[in-house]
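Asker: Pasting a predicted model and its sequence here:
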Amino acid sequence: MAQQRALPQSKETLLQSYNKRLKDDIKSIMDNFTEIIKTAKIEDETQVSRATQGEQDNYEMHVRAANIVRAGESLMKLVSDLKQFLILNDFPSVNEAIDQRNQQLRTLQEECDRKLITLRDEISIDLYELEEEYYSS
C-alpha cells in the first residue's frame, strides 16, 4: 500500500524499528533451526563420549527450540503492535468509516421522514373524512 504523504519522523522511526524487529526475529528463527538441523547430524568419533555428546546436543536443541519459540512470540507481539499502530494512526480510513455511517444514517432519516409525511397526509385525509361524516350525521 503506497503512502500518499510522508510520515512524521517519530512514526517513520517506529516503522523502521518494527522492520528491524521483524528481520531480527526471522533471522533468529532461521539460524536456530539451521543449528538444530546441524546438531541432529551424527558425527564420527570425537574425544567426547557418545552419551555425553548426546546430552550436550539434547540440551543445545532445547535451548535453540526455546529461542525459536521466543522469536515466534516476539513476532506475535510485533503483529499486535502493528495492528495497534494501524488502528491508532489510520485516520483517513477512520474518517471514511464515520462518513459512510453518517451517510447511511442520513439516508435512513430521510426515508423515515418521507414515510412519516406520507402517514401524516393519509391520517389527515382520513381524519377529514371522519369529521365530515360526524358533522353531517
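Answerer: Done, it's in. Numbering: from 1, shown residues only.
Asker: Which pLDDT value belongs to the residue nearest the centre of the chain?
Answerer: Nearest to the mean C-alpha position of the chain, by Cα atoms, centre = their mean, lies K83 at 4.2 Å. On pLDDT, K83 comes in at 89.
Asker: Equivalent analysis for R101, please.
Answerer: Per-residue confidence (pLDDT) for R101: 95.
Asker: sec struct for K38, please.
Answerer: Secondary structure, DSSP: H, G, I helix; E, B strand; the rest coil: K38 is helix.
Asker: How many residues are close by it?
Answerer: Other residues lying near K38 total 11 when counted by other Cβ atoms under 10 Å. Yep, even glycine has a C-beta here, placed from its N, CA and C like the rest.
Asker: quick one: the residue nearest to the centre of the chain and S74, what's the gap?
Answerer: Distance, K83 to S74, by Cβ to Cβ, to the nearest Å: 15 Å.
Asker: same deal with L88?
Answerer: As for L88, its distance to S74 is 21 Å (criterion: Cβ to Cβ).
Asker: Neighbour count: these two, which is higher?
Answerer: Taking other Cβ under 10 Å, L88 and S74 do not tie; S74 has more neighbours (16 against 9).
Asker: Tell me which residues touch that one, please.
Answerer: R21, D25 (Cβ atoms under 8 Å, 6 or more residues apart in numbering).
Asker: One more pass at 10 Å, please.
Answerer: R21, L22, D24, D25, S28, I29 (Cβ atoms under 10 Å, 6 or more residues apart in numbering).
Asker: I36 is in contact with D57, correct?
Answerer: Yes - D57 is within contact range of I36, at 9.5 Å (criterion: Cβ atoms under 10 Å).
Asker: Tell me which stretches of this structure form helices.
Answerer: Assigned by DSSP state H, the helices in the chain fall at 9-40, 50-89, 91-136.
Asker: Any idea how far the longest one is from the middle of the chain?
Answerer: Think helix 91-136. Relative to the mean C-alpha coordinate of its chain, helix 91-136 is positioned 39 Å out (Cα atoms, centre = their mean, to the nearest Å).
Asker: Counting by contacts, list what it packs against.
Answerer: Under the contact definition 3 or more Cβ pairs under 10 Å, 6 or more residues apart in numbering; DSSP states H and E, helix 91-136 sits against helix 50-89.
Asker: Right, I'll leave it there.
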